[in-house]
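J.: below is the sequence, then the predicted model.
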Amino acid sequence: MKLHHSIPLAAALCAFALPAARAQGVNPSAVMGSPLAGLAMPHTGTAMQESSYDRSGGNADMRPIMPGETLTMFEAQGSGVVRRFWLTIAPRFNKEIMRQTILRMYWDGETTPSVEVPVGDFFGVGFGEQVDFQSLPLNETSGGYNCYWPMPFHKSARWTVTNMSKHRIDAFYFNIDWTKYDRLDPNMRHFHAQWRRENPTTPGKNYTILEATGEGHYVGTAMFMQNRRGRGLGFLEGDEKVYIDGNTKPSLYGTGTEDYFSSGWYYDRGEYSALYHGIPIKDTKLGRISTYRWHIEDAIPFTKSIRFEIEHGAVSDSISDYSSVAYWYQSEPHAPFPPLPRNPADLLAWIPPEPVKFPGAVEGESLLSGAKASNGTVEEQIMDIWEGQWSNEEQLWWRGAGVGDTLTVTLPVKTAGSYELIGHFTKAADYGKAQVSVNGRKVGPELNFYSANVAPSGPMSLGRVTLPAGNVPVTITITGKDAASSGYLVGLDALVLKP
């Protein structure tokens, strides 16, 4: 299990120890200078806890939940504020349970929940995964799931959890720590969290994170995005657009998805967690991102309505699996939530098909470790964002070289013999011409890799070669470029030895 770089939270989490009831003599503004400053002030109310402890006095401090069963975790009458919510679940790391177990919260006798989210997603990590991370209101640490969003209620609270999976939850442990008050400030708003998903996203239409009516303020987003056309992260080009109180033009208009989540350059430094933003999952093999952003210092107020959209790709042209959790506070009543999928299978993360590999192909990218270039840079490149079929959807990409430069790779040959050598390359507007040599002898004609559009070359025969068993050097020499080409790039998709 990976523990990501994080900012210490011990001091910051104390911010949520602030008493909620101004009416009972505690002024939250007195502690604005520091999260710790108010701890010496009187804290009113009555400390309460609901948990899964063994009512018989034994040590079976958990609740099993059978498939299809609903457990009522918490019921309270009167006024109070939930301060901390912790749980852990067995079996551990079961993706179906984490995505198909639904957490619901109801405030003040309402019949439709203010929170309706798969339990794993609620804590800020998508795809049914469990990944250790830390942030101010939510974290996952060493088997525990923790929530510090303050959740006030004026008359009552009721929480349920429903197991929609086919698996028995053997052990569902929980602690809900809350403070009971005689009354709360009537202006205190209820906590809301809503899950949405679009799989696949709709070309030309932005993804909607939240559409709500009433008076409130938006406090956070957790998003889980996966490319359905391969493993590229081009969907991160999408900008966020927030429409407040019925405005037809965005009140907030961002510059890119990872920019909104307080990062940059497609999260080029990888996974991290911080107080207000982070990325617990960056998976370039599956082309997916799990990321979060909390608007704790910059909550977005609205008096009538809010619509929060985000593009999937620069012009919402990425075909992806998008899901999200929106977190906000508002006065009741809230607008109806979009219904969860009827089929529990539609809650699960999308599993992409295995990339197509050409029969007998030695993948170009598999030759990277032994590749030697006289000049330029050699690297692996994912090709699935372009139309056409590349073997394994990747290539060995050689860039920054010029005429006369060479790239040598080592071709493994299992059995000595005579073969037809077939090359699969890439063509594009900035690619050059090249000559291939095997064991120091030229094979095949000069190859022209120019094309107005990025495209696979298709099979290019390099003629008959007689090869010994073992590792055979194959050298590509740049010989020039087409008159229409703007560069000398070379992309090797795969080599095939045909007996």
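T.: That came in fine, so what should we check first?
J.: so how far is residue 446 from the residue lying closest to residue 466 once chain neighbours are set aside?
T.: Leaving aside its chain neighbours, residue 466 sits nearest to residue 418 (5.0 Å; criterion: Cβ to Cβ, 6 or more residues apart in numbering). For every residue, glycine as well, the C-beta is placed using N, CA and C. Using Cβ to Cβ, to the nearest Å, residue 418 is found at 23 Å from residue 446.
J.: what does residue 58 give?
T.: From residue 58 to residue 446 the distance is 81 Å (Cβ to Cβ).
J.: looking only at neighbour counts, state which of these two leads.
T.: Neighbours of residue 58 and residue 446, each counted by other Cβ atoms under 10 Å, are more numerous for residue 446; the result is 12 against 8.
J.: just checking, what packs against the helix or strand harbouring that one?
T.: Using DSSP states H and E, residue 446 maps to strand 441-448. Contact analysis of strand 441-448 by 3 or more Cβ pairs under 8 Å, 6 or more residues apart in numbering; DSSP states H and E lists strand 417-427, strand 433-438, strand 455-467 as its packing neighbours.
J.: give the buried residues for stretch 180-187.
T.: 181, 184 (16 or more other Cβ atoms under 10 Å).
J.: correction: stretch 63-73
T.: Buried, per 16+ other Cβ under 10 Å, within stretch 63-73: 63, 65, 71, 73.
J.: also stretch 216-225?
T.: For stretch 216-225, by 16+ other Cβ under 10 Å, it's 216, 218-225.
J.: residue 443 versus the residue most central in space within the chain, what's the distance?
T.: Centroid check for the chain by Cα atoms, centre = their mean gives residue 290 as the closest residue, at 1.8 Å. According to Cβ to Cβ, residue 290 stands 47 Å off from residue 443.
J.: ok, now residue 173?
T.: In terms of Cβ to Cβ, residue 173 sits 66 Å off from residue 443.
J.: can you tell me which of the buried residues of stretch 63-73 is nearest residue 497?
T.: residue 65 (55.7 Å; Cβ to Cβ).
J.: phi and psi next, for that closest one.
T.: phi -130, psi 120 (degrees, to the nearest 10).
J.: could you look up the next helix or strand downstream of the worst-scoring helix or strand of the chain on mean pLDDT?
T.: Counting by mean pLDDT, DSSP states H and E, the chain has its least confident helix or strand at helix 10-13, which shows a mean of 39. Tracing the chain C-terminally past helix 10-13 and defining elements by DSSP H and E, one meets strand 46-51 next.
J.: and that next one, what does it pack onto?
T.: If you count contacts as 3+ Cβ pairs under 8 Å, 6+ apart, strand 46-51 packs onto strand 70-77, strand 169-181.
J.: which one of those strands lies closest to residue 392?
T.: The nearest among the helices and strands packed on strand 46-51, by Cβ to Cβ, is strand 169-181 at 38.3 Å.
J.: so what strands line up beside the next helix or strand after that closest one?
T.: Going down the chain from strand 169-181, the next helix or strand is strand 190-198, by DSSP H and E. Strand 190-198 sits in its sheet next to strand 115-118 (parallel), strand 320-330 (antiparallel), going by DSSP bridges.
J.: show me the contacts for residue 142.
T.: Shown in contact with residue 142 (Cβ atoms under 8 Å, 6 or more residues apart in numbering): residue 132.
J.: and it, how far is that from residue 133?
T.: 11 Å.
J.: can you check residue 298 too?
T.: 21 Å.
J.: between the two, who's got more neighbours?
T.: residue 133 (26 against 10).
J.: which SSE is the more buried one in?
T.: Judged by DSSP H and E, residue 133 forms part of strand 133-134.
J.: now that strand, how far from the centre of its chain.
T.: Here strand 133-134 is found 14 Å from its chain centre; the criterion is Cα atoms, centre = their mean, to the nearest Å.
J.: please apply the same query to stretch 398-416.
T.: Counting by Cα atoms, centre = their mean, stretch 398-416 comes out at 36 Å from the chain centroid.
J.: quick check: domain ranges of the chain?
T.: 10-347, 361-498 (automatic domain parsing).
J.: out of those domains, flag the one nearest residue 354.
T.: Taking the domains of the chain one by one with Cβ to Cβ, domain 361-498 is closest: 9.2 Å.
J.: need the distance between the two termini of the closest one.
T.: 10 Å (Cα to Cα, to the nearest Å).
J.: that one - what's its average pLDDT?
T.: Mean pLDDT, computed over domain 361-498, is 96.
J.: next one: that domain to chain centre, how far?
T.: 34 Å.
J.: go ahead and confirm residue 327 touches residue 147.
T.: No - applying Cβ atoms under 8 Å as the test, residue 327 and residue 147 come out as separate, 10.2 Å apart.
J.: overlap of the contact sets of these two?
T.: In contact with both residue 327 and residue 147: residue 137, using Cβ under 8 Å, 6+ apart.
J.: returning to that earlier point: who does the residue nearest to the centre of the chain form a beta bridge with?
T.: Here residue 290, judged by DSSP bridges, has bridge partners residue 224, residue 281.
J.: relative to residue 173, how far out is it?
T.: Relative to residue 173, and taking Cβ to Cβ, residue 290 is found at 24 Å.
J.: and what of residue 80?
T.: Distance, residue 80 to residue 173, by Cβ to Cβ: 22 Å.
J.: among these two, which residue is more densely surrounded?
T.: More crowded of residue 80 and residue 173, by other Cβ under 10 Å: residue 80, with 24 against 18.
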